[in-house]
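Enquirer: Next input, structure requested:
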Amino acid sequence: NRVLRTIGLATCGRLGARLAARLGILTSWRTIIRRILGEPTPSLTPVTHVGIDDFAFRRGHRYGSVVVDLDQRIILDLLAERTVERAAEWLRVHPEIVLVSRDRGGAYAAAAQQVLPQAQQVADCFHLVKNLLEAIEPVVIRGWTTLPSPDTILVREAPSHLSPLPSAPAAPVPPVEWPRRGRPRTAVAQAHYAAKLNQFAQVMALAEQQISVKAIAATLGLPPRTVNRWLQNGHSPGSVPRRRYPSILDPFLPYLHQRWHQGCQEGTILWREIQAYGYTGSRQNVYRYLAALHQVAPRAPHVPPSFATELPALGFDFLEEYSARDARWWFIRSPQRLSHRIRQAVEALCEVSPLLREVYGLVQSFGEMVRTRQGEQLDTWLAEVDRCAIPELRRFAQGIRTDYAAVRAGLTEVYSNDYVAYCTSSLE
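Expert: I've put the predicted structure just below:
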């Protein structure tokens with residue numbers, strides 16, 4: 001019994017039964033569960049600081065509640081429901097509780113207020129931040145959609161003294177084959193292409209033996225027209241040399257080659273530089289050509305200074321990689337925890353959009369309160385929000401006022417629902 005109980009406590013019913021079978025113990029998961037339930041419940045010392053949160057028996061269908069001792073960091077009880085009545089029933093048995101940490105839902109707040117009105121309630125900071133991000137998401141989307149095109153703002157003013165564009169590259173460059181556009185081949189398409197190449201090799205081998213086109217076609221099961229075309233072209237299927245059409249990038253290729261051999265091989269920098277010379281094409285066109293150039297040209301060891309460092313780099317190339325939903329997290333996180341590139345992107349957003357600049361300042365102030373536990377600054381922050389013209393933030397502030405004492409305690413007290421959230425994740 002002791003062994004089965006130990007296995008069950010370390011694993012669970014079904015997993016414990018499989019482990020016991022490997023150890024040579026024949027049992028069932030029901031037996032292991034009975035051994036666990038037969039374990040005497042340890043006597044609980046009086047609890048004073050508890051956290052309560054919900055967990056899912058089956059997400060979207062049935063939920064329960066977990067109660068955790070925040071001092072000893074142990075689970076005290078699991079409740080079958082997440083209702084006011086069930087939470088109040090448990091709290092009524094523990095009148096010694098002086099602090100209840102909970103989310104911002106109404107059930108646990110109402111239960112604590114009903115049974116333990118003298119206990120301090122603490123609103124969990126995680127849920128505060130989550131509610132704030134949900135509030136600013138439509139604001140960020142509004143500001144995001146009004147941003148100028150990155151092609152029109154990455155370079156606002158070129159230096160006044162530019163050396164003329166070179167007419168030829170300083171070092172010879174092998175012919176550059178532009179990459180083909182289109183989707184990559186699927187596994188089926190690759191297998192089909194490999195079979196075609198194999199047939200082409202067989203056709204060329206038979207032709208070297210002076211076998212006629214008609215005989216080759218009959219031997220390999222190919223149409224005579226296909227065999228004749230392959231023999232006349234002299235190259236494998238899919239490798240037809242493409243006609244080189246003039247490109248808007250052509251006048252700037254000598255300059256790109258020169259900078260490439262000097263060591264500057266960053267696509268965005270080179271794109272900005274040739275924009276200053278009058279290039280009006282897309283950045284992707286430059287990227288495609290540099291990707292092909294990388295296949296034939298060696299990499300230089302260093303990058304000399306260039307006028308690109310003087311250009312106002314707003315960093316708007318991030319627009320194609322991130323969304324407004326991603327940007328919410330940039331607003332709440334400490335700038336020190338963001339990469340240099342993301343910090344530049346945030347500065348660019350705030351410079352171009354007054355709406356996002358105002359949102360960023362208010363959200364950063366709230367985030368600093370959460371990180372440093374400066375709940376005494378809450379009144380000042382609420383007053384600043386009242387003076388702004390952003391309805392989403394004003395509604396968020398109004399929600400804080402309805403739960404003011406618990407929110408201020410959450411921004412001041414060291415107790416939170418962090419460990420409760422860990423227990424919830426483990427249960428689920």
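Enquirer: Tell me who's in contact with residue 216.
Expert: Residue 216 sits next to 203, 206-207, 222, 227 when contact means C-beta atoms under 8 Å, 6 or more residues apart in numbering. C-betas here are computed from N, CA, C, even on glycine.
Enquirer: can you do 7 Å?
Expert: Counting by C-beta atoms under 7 Å, 6 or more residues apart in numbering, residue 216 touches 203, 206-207, 227.
Enquirer: and if you look at residue 86?
Expert: 65, 79-80.
Enquirer: Among the contacts of residue 216, name the buried ones.
Expert: For the contacts of residue 216, a burial check counting by 16 or more other C-beta atoms under 10 Å picks out 203, 206, 227.
Enquirer: Mind checking which of the residues you listed are in helices?
Expert: Members of the buried ones among the contacts of residue 216 lying in helices (criterion: DSSP state H): 203, 206, 227.
Enquirer: Tell me how far the second one lies from residue 428.
Expert: The reference is to residue 206. As judged by C-beta to C-beta, to the nearest Å, residue 206 and residue 428 stand 66 Å apart.
Enquirer: cool, and the first one?
Expert: For residue 203, the distance to residue 428 under the criterion C-beta to C-beta works out to 62 Å.
Enquirer: Quick check: pLDDT value at the residue of the chain most remote from its centre.
Expert: What lies farthest from the middle of the chain is residue 210; by C-alpha atoms, centre = their mean that is 61.6 Å. pLDDT, residue 210: 87.
Enquirer: At which residues are the strands of this structure located?
Expert: All strands of the chain, identified by DSSP state E, fall at 49-58, 62-69, 74-79, 99-102, 120-123.
Enquirer: Sheet-wise, list the partners of the last one with their directions.
Expert: When you say that, I think you mean strand 120-123. Sheet pairing of strand 120-123 (DSSP bridges) gives strand 99-102 (parallel).
Enquirer: Output the partner strand as PDB, nothing but the C-alphas.
Expert: Provided in PDB are the C-alpha atoms of strand 99-102 (Å, rounded to 0.1, in the frame of the first residue of the first chain):
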ATOM      1  CA  LEU A  99      -5.800  38.900   3.100                       C
ATOM      2  CA  VAL A 100      -7.400  37.400   0.000                       C
ATOM      3  CA  SER A 101      -5.600  37.700  -3.300                       C
ATOM      4  CA  ARG A 102      -7.900  37.100  -6.300                       C
END
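Enquirer: Backbone dihedrals for residue 413, both of them.
Expert: Main-chain dihedrals, residue 413, degrees, to the nearest 10: phi -70, psi 160.
Enquirer: Setting the sequence-adjacent residues aside, check what's closest to it.
Expert: Distance criterion C-beta to C-beta, 6 or more residues apart in numbering; nearest residue to residue 413, sequence neighbours excluded, is residue 122 at 5.3 Å.
Enquirer: Could you check how many residues crowd around that neighbour?
Expert: 26 (other C-beta atoms under 10 Å).
Enquirer: Pretty sure it sits against residue 411.
Expert: No - using C-beta atoms under 7 Å as the test, residue 122 is too far from residue 411 to be in contact (9.4 Å).
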